[in-house]
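**Q** model this:
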Amino acid sequence: MPGNRPSAFGQDEALNFLVRMIEDEPDEAVMLVMVVNGAILSGRLIPREAWASRIINPDDPQSEPWVRRLLKMPTAPSALDADDGFDGEAEVSGRFAHLAQVEFVLGNFRSQIGSMRIRTDSVSAWTTGELPRSLR
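**A** Numbering: from 1, shown residues only. Alright, predicted model coming up:
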């Protein structure tokens with residue numbers, strides 16, 4: 001299938017459920033802390049459209065064409081088989097977590113990042129909530 005890549009961790013159905021829930025009920029607020037490739041990421045889970053609108057204004061005629069296309073991508077599982085023009089990176093609901101107000105921690109390095117998109121199969125551990133103050 002296009003877009004299928006082997007993963008070291010596989011799919012976490014509970015995490016994918018939360019991602020799909022936010023897509024279906026964007027007014028819900030879920031704070032997550034995740035471990036991805038040894039880095040700790042903490043942020044508020046947001047719908048894909050909210051994430052895309054944060055990275056660039058799709059109404060701006062100068063916006064990159066890929067952002068406008070990203071906002072129109074299907075989220076249904078049938079998108080796996082679609083020719084979406086993204087080299088097999090079809091968007092499937094639950095496959096990517098979109099975070100806002102991200103705090104990034106790697107060793108002694110800490111940074112605030114506006115928004116981030118993370119493949120759910122690259123998450124090795126996660127929990128709901130925020131980073132403890134001692135890690136901030």
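**Q** got a pLDDT number for the residue lying closest to residue 29 once chain neighbours are set aside?
**A** Excluding the flanking residues, the one nearest residue 29 by Cβ to Cβ, 6 or more residues apart in numbering is residue 44, at 6.5 Å. For the C-beta atoms, the positions are set from N, CA and C on the backbone; glycine is no exception. Residue 44 carries a pLDDT value of 95.
**Q** mind listing the helices in this protein by residue range?
**A** For the chain, helices defined by DSSP state H occupy the ranges 13-24, 48-55, 65-72.
**Q** tell me which other helices or strands the first one touches.
**A** If contacts are counted by 3 or more Cβ pairs under 8 Å, 6 or more residues apart in numbering; DSSP states H and E, helix 13-24 sits against strand 30-36, strand 39-46, strand 96-106, strand 123-128.
**Q** pLDDT on that helix, on average?
**A** Here the average pLDDT along helix 13-24 is 92.
**Q** and it with strand 39-46, angle?
**A** Helix 13-24 and strand 39-46 are oriented at 40 degrees to each other (axes from the mean of the first three to the mean of the last three Cα atoms, to 10 degrees).
**Q** buried residues, helix 13-24. List them.
**A** 15-16, 18-19, 22-23 (16 or more other Cβ atoms under 10 Å).
**Q** ok so, going back, could the helices and strands packed on helix 13-24 go into JSON lines alongside mean neighbour count and distance to residue 55?
**A** Listed next are the helices and strands packed on helix 13-24 as JSON lines, based on neighbours: other Cβ atoms under 10 Å; distance: least, Cβ to Cβ, whole Å:
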{"stretch": "strand 30-36", "mean neighbour count": "19", "distance to residue 55": "18"}
{"stretch": "strand 39-46", "mean neighbour count": "20", "distance to residue 55": "12"}
{"stretch": "strand 96-106", "mean neighbour count": "19", "distance to residue 55": "10"}
{"stretch": "strand 123-128", "mean neighbour count": "14", "distance to residue 55": "20"}
